[in-house]
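J.: Can you look at this prediction? I've put the sequence above it.
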2 protein chains.
Amino acid sequence: MQLDKATPEKLRQWEQSLASEYAGLASQSLSLDLTRGKPCAEQVALSAALDGILAGDYTTATGVDTRNYGGIDGIAEMKQLAAGILQVEAGEVLVGGNSSLSLMFQTVLHAYLFGFDGPDSAWSRQGQAKFLCPVPGYDRHFSICQQLGIEMLTVPMNADGPDMDRVEEMIKADAAIKGIWCVPKYSNPSGAVYSDRVVERIAALGPTAGAGFRVFWDNAYAVHDLGPEPAQLAAIMDCCRRLGTEDSVIQFASTSKITFAGAGVAFMAASAANLASFKRALGVATIGPDKVNQLRHARLLPSMPALREHMKKHAQIIKPRFDCVLEHLQAAFGNCDLGRWESPAGGYFISFYTRPGLAAEVVRLAAEAGVKLTPAGATFPYGKDPQDSNIRIAPTVPSVAELEQAMKVLIICVKLASVRQKLVTGKAF
Amino acid sequence: MQLDKATPEKLRQWEQSLASEYAGLASQSLSLDLTRGKPCAEQVALSAALDGILAGDYTTATGVDTRNYGGIDGIAEMKQLAAGILQVEAGEVLVGGNSSLSLMFQTVLHAYLFGFDGPDSAWSRQGQAKFLCPVPGYDRHFSICQQLGIEMLTVPMNADGPDMDRVEEMIKADAAIKGIWCVPKYSNPSGAVYSDRVVERIAALGPTAGAGFRVFWDNAYAVHDLGPEPAQLAAIMDCCRRLGTEDSVIQFASTSKITFAGAGVAFMAASAANLASFKRALGVATIGPDKVNQLRHARLLPSMPALREHMKKHAQIIKPRFDCVLEHLQAAFGNCDLGRWESPAGGYFISFYTRPGLAAEVVRLAAEAGVKLTPAGATFPYGKDPQDSNIRIAPTVPSVAELEQAMKVLIICVKLASVRQKLVTGKAF
């Protein structure tokens, strides 16, 4: 379907036949959901052994009774596993509760309200704070900024990470930029993996930025590979050590998409100075994390090889789902310019781009035909995609059969919206 | 030992013999700890069945798979149990993670930074916020205020709750007072239970206070009775309903001292308006609580009668410890004025008062003899007891045999410090 070469008559024919096809699908009362970046039932079942795995032994290797109070930064076993995932030393890890988003919120709050280097270093005392947000990105990162009144500035995401020329230029030009959000491996939603050179340049940002600048490194998909040959992400803390910038990067991850999405274990890694400062504030806000659940996780996943074996089972479950979506997209749009997309090697999303100005209309059409898509714009700060083009597809929850149906609907909606737009604008004909 | 009737010679004799007794105890290399308000190993073992209790069934009665994302306010079963504990409707409950302190911090933060009724209602936009703190009280409540720069004003605790004449007077006189901390049953550390009249008067405070005022009702020991006839606390939400002040009270509790201190379930209760506002902010800071652990708790404690049976087992373990401390105090100070104390019917502490000016010295002497006591002043805002008199004794962790030793040391320290003070000041002789 080459819209820009079609006659108006041809476009009208297409519109009629697509509208009729759409009406047929819409009449089927479908109820499909491609919005949720969460594991499916088979995936959480992979960790069903967690409850009961302690077999009455609640004590860590170092003799801590996990049932009682104590230990603001988690148990040694879980620090070890977290260190393996984040490629840091165990001493650089703090293990928290069930939510890495909580750790991120608390860390940004700490920098904003209390200051990593004492009250005077709090961003809130230094005028309007700003963040760099590579786009498209993760809506919940943006919500944290919005909640705290931090202004968000966008930078484009490339296939190898954020546009670093632009990032460096902006940071040098504006000392009010206090942070940048990064999902460095299988980025949400594009699936991009930051190249070694980009990781190195991000590790070098600190000294060129305003006081209190921090990189928020959300390595949510660190071990979430779809294929047998995982993408390799450079260890940013190693880069920082070479550059002497350890204080400028704070890393996060969790087992939410390794074990239980609602009941996993979240953790962070940072320099000794950052950890000490954060722990002082954290100690006001909680007595400590759930160490029992940490111990369960350490028993289920006692080593990185065990973790990698576990992740292969996830890939076996979800790779066919990704393949289904990608095959449909290729078949429909491989030879035309109605859509483009990324083929991620891991993570939880497929990022699809309509022609500019059509994402909201496609989402609306799909919803009316019973297929729920993430709201257009959700992957941009303030919910506004300036191109109105990006749609985040989350393929893990529906079955392959459901995805087949949902993709048929999505593809018809993209075609229909594109033809109608072309009919109205008539451009380039 | 009647200090005020003793001759200087008699005082010197006492000092010599007490100093010698103290030296003897100090030479025993004791290592005892009366500081920790936490359950002992036998207590947490009462809930050892928690891990594994799900027997592979992770689904709630309403069909929610607790292993996955979703549900910012917890599962229905746990709301029901929480409602029983806090004497509210299940719809007024939000169930969180493992820490009620976290819920309190987040709630105070919400009121301070974001505002329960929109940004303009945030305390931080209304000048210097202040809190009323009944003293002695809970140090971690005070830490939250201190962290946020909220000024703390003290009011005396009586046997039936805070001095309400003083509370009402202060609140009417100063619209900057935005909150009051309350531990209404077996108050930390005095063990006082608020009378029905005090509860009623607290429920009536809202309309007389400045905008945004909230009562922070930390019912930490709601079901933590030592004897067979529990103290009855009036249901404050019922009072609020009669008075139309539902929005002015926010309640908190947890199972930290019911099941596992580090891995229990925390919850709060509030009006529909307060809950809705808080949930919007909470949804930025987390995806949701650990529902799996909530389900474990609901299975272990499926009803209030089951919970009460469970709490009787706690009482069996810790009542002998409380009795030991109280018997020692009675034997040593029952017939003199060297110390006074409260005999709580529940909770986790015994509050002991030295003669004014001696608490820090007693804590120091005890520490040098190997008995760790909570730092003097810890039960007051900013760590400063103006009388230097209150010492919080936490008897649950040590064994009765250890308590016997620790109390001997404590009593000698109190006597020695008192005699030395009398020798120096010579007052009233």
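T.: Perfect, I can see it now.

J.: Can you give me the distance of the nearest residue to A:Ile150 once chain neighbours are set aside to chain B?
T.: In space, and not counting its chain neighbours, A:Ile150 is closest to A:Ala129: 4.8 Å by CB to CB, 6 or more residues apart in numbering or on different chains. For every residue, glycine as well, the C-beta is placed using N, CA and C. Counting by CB to the nearest CB, to the nearest Å, the gap from A:Ala129 to chain B is 14 Å.

J.: again, but for A:Gly149
T.: For A:Gly149 relative to chain B (CB to the nearest CB), the value is 9 Å.

J.: count of residues packed around that residue?
T.: Neighbours of A:Gly149 under the rule other CB atoms under 10 Å in any protein chain shown: 13.

J.: Could you list the low-pLDDT ranges of the stretch 251-400 of chain A?
T.: For the stretch 251-400 of chain A, no stretch is flagged by pLDDT under 70.

J.: Show me which residues of it sit near chain B.
T.: Selection of the stretch 251-400 of chain A residues close to chain B by CB under 8 Å from any CB of the partner chain yields A:256, A:260-263, A:281, A:284-293, A:296.

J.: Let me see the contact set for A:Ser256.
T.: By CB atoms under 8 Å, 6 or more residues apart in numbering or on different chains, the residues touching A:Ser256 are A:98-100, A:220, A:262, A:264, A:266, B:69, B:287.

J.: among these, who's most crowded?
T.: A:Asn98 (29 neighbours).

J.: Skipping adjacent residues, who's closest to that residue in space?
T.: Spatial nearest neighbour of A:Asn98, chain neighbours left out: B:Asp290 (4.4 Å); criterion: CB to CB, 6+ apart.

J.: Is it correct that A:Asp174 is in contact with A:Gly210?
T.: Yes. Here A:Asp174 reaches A:Gly210: they are 7.5 Å apart, a contact under CB atoms under 8 Å.

J.: Please report phi then psi for the residue nearest the centre of chain A.
T.: For chain A, the residue sitting closest to the mean C-alpha position, by CA atoms, centre = their mean, is A:Asn188 at 3.4 Å. Note on A:Asn188: backbone dihedrals following degrees, to the nearest 10 are phi -80, psi 110.

J.: What's the separation between it and chain B?
T.: 14 Å.

J.: And the pLDDT at that residue?
T.: pLDDT, A:Asn188: 95.

J.: what number of residues lie near whichever residue of the stretch 301-429 of chain A sits closest to chain B?
T.: In the stretch 301-429 of chain A, the residue that lies nearest chain B is A:Val397 (9.0 Å; CB to the nearest CB). A:Val397 has 22 neighbouring residues, counting by other CB under 10 Å.

J.: Now the stretch 1-150 of chain A against chain B: closest residue?
T.: A:Gly52 (3.1 Å).

J.: Get me the contact residues on the stretch 51-200 of chain A for chain B.
T.: A:51-56, A:58, A:65-71, A:97-99, A:101-102, A:105-106, A:109, A:113-114, A:140, A:143-144, A:146-147.

J.: Any of those buried? List them.
T.: Neighbour counting with 16 or more other CB atoms under 10 Å in any protein chain shown marks A:51-54, A:58, A:65-69, A:71, A:97-99, A:101-102, A:105-106, A:109, A:113-114, A:140, A:143-144, A:146-147 as buried within these.

J.: circling back to that earlier point, contacts only, for the residue nearest to A:Asn98.
T.: Applying CB under 8 Å, 6+ apart, the residues contacting B:Asp290 are A:97-98, A:262-263, A:290, A:293, B:97-98.

J.: Helices - which of those land there?
T.: Counting by DSSP state H, the part of these found in helices is A:Asn293.

J.: out of the contacts of B:Asp290, who's nearest A:Gly357?
T.: Nearest to A:Gly357 among the contacts of B:Asp290: A:Gly262, at 37.3 Å, using CB to CB.

J.: is it true that that closest one touches B:Ile287?
T.: Yes. Counting by CB under 8 Å, B:Ile287 is a contact partner of A:Gly262 at 7.5 Å.

J.: Please enumerate the shared neighbours of these two.
T.: A:256, B:69.

J.: Give me the contacts around the strand of greatest length in chain A.
T.: The longest strand of chain A (DSSP state E) is strand A:151-158. Residues from elsewhere that reach strand A:151-158 (CB under 8 Å, 6+ apart): A:128-137, A:142, A:145-146, A:162-163, A:166-167, A:170, A:176-177, A:187, A:190, A:192, A:380-382.
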